[in-house]
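Participant: What follows is a protein structure lacking sequence information:
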C-alpha cells in the first residue's frame, strides 16, 4: 500500500487503492497521477489493465515533468546567453528524455529530427560555433515544448479511453 | 496545424522574440480589470505591444494566485501564469489557453524586463 501524504486534492479519492509499481522510479509521479486523474473509478480502470500498463501510466507523466523541467533550464540558458557547452549538455539531457518517451505507448509524434539536430548542435559546439548552437537551441526548444503539449493532451484523455 | 499546437507555437515565438529583444515588456503595478482581493491575487503584470503588418495587439502576462476550497472545505492556493491578448483598445483582454511554455515565457519576460544583464555588467565593471 502506498501512502499519498503531501499530495494535492484528488489524492484522497484514491488513497485506499493498492498500487503496485515496479521500481522506485515510478514513485515521484504518483502525486501527479492522483491530482490529474480525477475520480477513483478511472484509477481502478487503469490498474485493472495490469502492471505493464500501470507502469506506462506512471512513467510517462514523470518523463513529461522531467522534460518540462529540462526545457525550463534550457530556456534560462538561452535567455542568459550561457556558454554553448552548458546548452549542449542540457540538450543531451533533453535527448535522453525524448528517447525514453518513445519507449512507452502513446500517440505522441516521434520527432526524429530533434535527435539529429541535437547531435548537430554538439558537433558545432565542439568546433566553437556559438551562434549556430544558439539558433539550433531556440529551434529545438520550440519543438520540445510542442512535444510536452502533445504529452499533456495524451495524458489528459488517456484515463478515459477504453 | 491543430489549435493546440497553434497556441504553443505562438507562445514559443513570443518567447524567442522577447529573448531577441524584438518585443519589449513593461512592468506595471495594476490593471483596471485585475484587482487583488481575498480570493485572488496578481503578481507583477507585464504589458507589451505586438506589432504585425496588418494590425497591432496588446499582450499582458502575469501570475495569478487563486484561493480555492476542496470538498472537505480545506483552503488551498493555486498559482499559474496567465497570458491575455487584446486586439483593440475598445475590447476586453482575451485569455489564451494555459499551455506548455507559458511559465518559461513568464520567466523570460521577467528576466528581460528587470535588465539583470545590465546590472551584472555594471556591477562587474565597477571598482571595489
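Facilitator: Received, thanks. From a predicted model like this one, the values you see are computed outputs, not experimental measurements.

Participant: Helix or strand next in line after the helix or strand hosting residue B:18, which one?
Facilitator: Element membership for residue B:18 (DSSP states H and E) is helix B:3-19. Counting by DSSP H and E, the next helix or strand C-terminal to helix B:3-19 is strand B:26-28.

Participant: and residue A:108, helix, strand or coil?
Facilitator: State at residue A:108, reduced to three classes by DSSP: H, G, I helix; E, B strand; the rest coil: coil.

Participant: Give me the three-state assignment for residue B:64.
Facilitator: strand.

Participant: What pLDDT is listed against it?
Facilitator: We have a pLDDT of 93 for residue B:64.

Participant: Over to the residue most central in space within chain B: give its phi and psi.
Facilitator: What sits nearest the mean C-alpha location of chain B, by Cα atoms, centre = their mean, is residue B:61, with 1.9 Å. Dihedral pair for residue B:61: phi -130, psi 140, per degrees, to the nearest 10.

Participant: Those residues of chain A touching chain B, which are they?
Facilitator: A:8-9, A:12, A:68, A:71-72, A:75-76, A:78-81, A:138, A:141-142, A:145-146, A:148-150, A:152-153 (Cβ under 8 Å from any Cβ of the partner chain). Quick note: C-beta positions are derived from backbone N, CA and C, even for glycine.

Participant: Looks to me like residue A:105 is in a helix.
Facilitator: No: Residue A:105: not assigned to a helix; according to three-state DSSP it is coil.

Participant: give me the element residue A:143 is part of.
Facilitator: For residue A:143, the host element (DSSP H and E) is helix A:130-157.

Participant: buried set for that helix?
Facilitator: Within helix A:130-157, the residues that count as buried by 16 or more other Cβ atoms under 10 Å in any protein chain shown are A:133-134, A:136-142, A:144-155.

Participant: would you list every one of the helices in chain B?
Facilitator: B:3-19, B:102-114, B:116-125 (DSSP state H).

Participant: I should have written chain A there, sorry.
Facilitator: A:30-37, A:40-47, A:51-79, A:84-102, A:112-126, A:130-157.

Participant: mean confidence score for the second one?
Facilitator: Mean per-residue pLDDT for helix A:40-47: 64.

Participant: next one: the fourth one
Facilitator: Taken as a whole, helix A:84-102 has an average pLDDT of 91.

Participant: With adjacent residues omitted, what lies nearest to residue B:26?
Facilitator: residue B:47 (5.4 Å; Cβ to Cβ, 6 or more residues apart in numbering or on different chains).
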